[in-house]
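K.L.:
From the sequence below, what's the structure:
(one chain, ligands or ions: 1)
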Amino acid sequence: MLNPTLPSTFLLLLLLLITLSHATNPHHQHHHRRGHEKLSHLRFYWHDVVSGRNPTAVRVAEATTTNASPTGFGAVVMIDDPLTESPELGSRLVGRAQGMYASSDKEAVGLIMAMNFVFVEGKHNGSTLTVLGRNQVFTETREMPVVGGSGLFRFARGYVQARTHWFDMNTGDATVEYNVFVLHH
Ligand SMILES: *[C@@H]1O[C@H](CO)[C@@H](O)[C@H](O)[C@H]1NC(C)=O
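P.N.:
Modelled structure (predicted):
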């Protein structure tokens with residue numbers, strides 16, 4: 001049988017805990033702000049232009065063994081890739097992906113991506129999101145964490161889903177669809 005005084009004891013304990021946490025945390029208004037957390041979904045296309053005269057992805061370092069590695073292990077690429085509204089490179093620019101990716105897997109083709117999405121239009125102009133994660137580029141859908149943000153995306157956390165839209169085997173140029181799901185204030 002349940003002890004009939006148990007629920008009220010539990011309630012009292014809960015009240016005590018809430019009182020204590022408020023007493024020890026004078027900045028408890030953050031509980032209030034939590035209620036205003038928003039979930040945003042953004043979609044755009046990421047263009048990795050490796051070829052031509054004006055590449056937006058440049059290899060800056062590699063190991064002496066990189067060329068002998070089936071996965072290009074050790075190659076480091078710096079990027080300033082355009083982010084556009086539609087799959088076409090010439091469509092409306094919404095931001096840039098600035099940062100780097102590097103081959104970090106000796107067995108499979110797997111990159112560590114460390115990049116900032118820098119938004120340049122609309123209400124997000126000037127705000128950023130930071131992505132840090134693993135990108136197994138030949139997998140259909142890759143998920144990477146959003147680890148933070150600035151401006152409208154302060155306190156951001158969430159994830160992205162990346163799907164290759166187009167890839168040129170000869171040049172290495174690629175267009176990737178990014179869906180971003182992010183909680184922020
Ligand atoms: C974005 O912000 C910059 C700097 O404040 C400004 O120069 C630019 O015109 C803005 N762009 C758009 C499309 O609003």
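K.L.:
now V60: how far from V77?
P.N.:
Note on V60: its distance to V77, by CB to CB, to the nearest Å, is 7 Å. Bear in mind the C-beta positions are built from the backbone N, C-alpha and C, glycine included.
K.L.:
Give me the more crowded residue out of those two.
P.N.:
Taking neighbours as other CB atoms under 10 Å, V60 and V77 compare with V77 leading, 22 against 10.
K.L.:
Are we agreed that the more buried one is in a strand?
P.N.:
Yes. Under DSSP: H, G, I helix; E, B strand; the rest coil, V77 sits within a strand.
K.L.:
Show me what it bridges to in the sheet.
P.N.:
Bridge pairing for V77 (DSSP bridges) gives the partners R59, Y101.
K.L.:
Double-check it against G99; I have them as touching.
P.N.:
No. Assessed by CB atoms under 8 Å, V77 is found out of contact with G99, at 9.7 Å.
K.L.:
And the strands in this structure?
P.N.:
Remark: strands assigned in the chain by DSSP state E are 38-48, 57-61, 76-84, 93-103, 111-119, 128-135, 141-150, 157-167, 174-184.
K.L.:
measure the nearest residue to S69 once chain neighbours are set aside to A68 for me?
P.N.:
Distances taken as CB to CB, 6 or more residues apart in numbering place K106 nearest to S69, at 6.8 Å, with adjacent residues excluded. Applying CB to CB, the value for K106 to A68 is 11 Å.
K.L.:
Can you pick out the residue with more neighbours from these two?
P.N.:
Counted by other CB under 10 Å, K106 and A68 do not tie: K106 has more neighbours, with 12 against 9.
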